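*Asks:* Could you look at this predicted model? Sequence included:
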Amino acid sequence: MFFLALLSGSLFILPVAVTIGVFLGVERQRIFSGDASTGGGGGGGGIFGLGRPKVTTDTYCQKSYGITPFPGRWGDEQDLGDLCLNITTSTATKSSEVYAAGWSVTWQYPPGSADEPVHAFPNAKLELNDTIPAQLSDIKSLFLDVTWTYGLGNYIHNETNSTNLEAAGVNANVAVDMFFAKDKTNSTSTTDSDYEVMVWLGRWGAAVDPIGLASGIKANHSINGTHFSLYYGDNQNTGQTVFTWVADQNTTSFTGDLTPLVSKLEENAGPDGKSYLGYAAFGSEALYSFENVTFFVPRLEMDVQA
């Protein structure tokens with residue numbers, strides 16, 4: 001276990017433009033206004049001069065801290081691993097802004113079972129209640145602008161060294177996760193929806209393979225210089241069909257519209273124009289690592305235009 005106060009004041013110098021459109025497992029009005037009064041959690045803050053916004057970093061390592069929903073710990077009944085989440089907030093939040101607060105996650109888990117290999121999915125989920133759920137035929141853009149890093153240890157890294165991550169036995173990905181269903185209400189559920197659609201921007205480890213890998217690549221598409229290959233198959237645990245677009249190389253900075261990737265799925269028995277998008281999030285599936293690793297997202301913008 002490693003319940004520790006992660007990161008020093010280094011997060012405080014980051015741009016703190018944030019949004020109420022994206023949330024990280026805490027009531028969005030609180031976490032993005034800097035009022036992270038969720039019943040517990042460590043952290044610190046400071047005021048950068050008279051009349052300037054108050055900037056706060058809060059650390060959450062235990063389910064009892066009241067994060068709702070907590071960012072996932074599955075298949076670790078013996079508590080052999082753990083996860084700590086850090087979120088930077090600012091009182092300068094405006095409802096019109098579309099950037100998430102800077103956040104990071106440090107975790108370490110042992111290998112899980114073959115039928116439940118993912119231990120956690122710490123993520124920022126898109127909250128646009130006036131836009132989604134939305135039918136695919138009405139969606140004009142699924143915009144993503146993100147920068148992220150992954151590194152060994154309990155601190156943030158400015159760059160991602162994939163060689164070091166592989167050598168340390170890290171098994172994880174970095175991904176957008178979306179859910180679609182023909183029923184509007186079911187589309188908001190990660191278990192009741194018909195389809196899971198993922199876009200992987202990074203992955204490490206032999207255990208991190210997309211469902212349907214054995215069947216080969218089903219389609220290809222490029223967005224702003226990033227080439228993606230499509231795999232799909234059935235998730236036996238959920239009964240959903242999972243479509244995964246995998247970048248041909250780890251892409252730590254990406255800006256583009258993901259709509260073409262989703263639109264191509266109809267010709268592969270995926271969601272059609274009448275299907276609803278009800279859930280969209282960006283994060284990292286944590287399978288296992290024999291050392292502490294830190295996933296850092298200093299910049300994130302997600303938006304759906306319909």
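*Replies:* Perfect, thanks for sending it.
*Asks:* Where does pLDDT dip in the stretch 201-306 of the chain?
*Replies:* Along the stretch 201-306 of the chain, no part satisfies pLDDT under 70.
*Asks:* Give me the neighbour count for S222.
*Replies:* S222 has 12 neighbours, counted by other Cβ atoms under 10 Å. In this view, the C-beta of every residue, glycine as well, is placed from N, C-alpha and C.
*Asks:* Can you list the strands that the helix or strand encompassing it pairs with?
*Replies:* Assigned by DSSP states H and E, S222 belongs to strand 219-223. If you go by DSSP bridges, strand 219-223 pairs up with strand 226-234 (antiparallel).
*Asks:* Any buried residues in the strand it pairs with, and which?
*Replies:* Judged by neighbour count using 16 or more other Cβ atoms under 10 Å, the buried positions of strand 226-234 are 226, 228-233.
*Asks:* Then stretch 110-125?
*Replies:* Under 16+ other Cβ under 10 Å, the buried positions of stretch 110-125 are 111-112, 117-125.
*Asks:* what do you get for stretch 158-165?
*Replies:* 160, 164-165.
*Asks:* swap in stretch 254-270?
*Replies:* 254, 256-259, 261-265, 270.
*Asks:* again, but for stretch 191-201
*Replies:* For stretch 191-201, the neighbour count (16+ other Cβ under 10 Å) marks 192-201 as buried.
*Asks:* And stretch 177-191, by the same measure?
*Replies:* For stretch 177-191, a neighbour-count test (16+ other Cβ under 10 Å) marks 177-181, 186-188 as buried.
*Asks:* right, and the pair among those residues with maximum separation?
*Replies:* Comparing every pair within those by Cβ to Cβ identifies D177 and N186 as the most remote, at 16.1 Å.
*Asks:* what about the helices in the stretch 151-300 of the chain?
*Replies:* Secondary structure of the stretch 151-300 of the chain (DSSP state H, counting those that start in this stretch): helices at 162-167, 259-263.
*Asks:* Could you list the residues in contact with the shortest one?
*Replies:* When you say that, I think you mean helix 259-263. 136, 139-142, 178, 197, 199, 221, 223, 228, 230, 245, 271, 277 (Cβ atoms under 8 Å, 6 or more residues apart in numbering).
*Asks:* quick one, phi/psi of P133?
*Replies:* In terms of degrees, to the nearest 10, the main-chain angles of P133 are phi -70, psi 140.
*Asks:* Sounds good, over and out.
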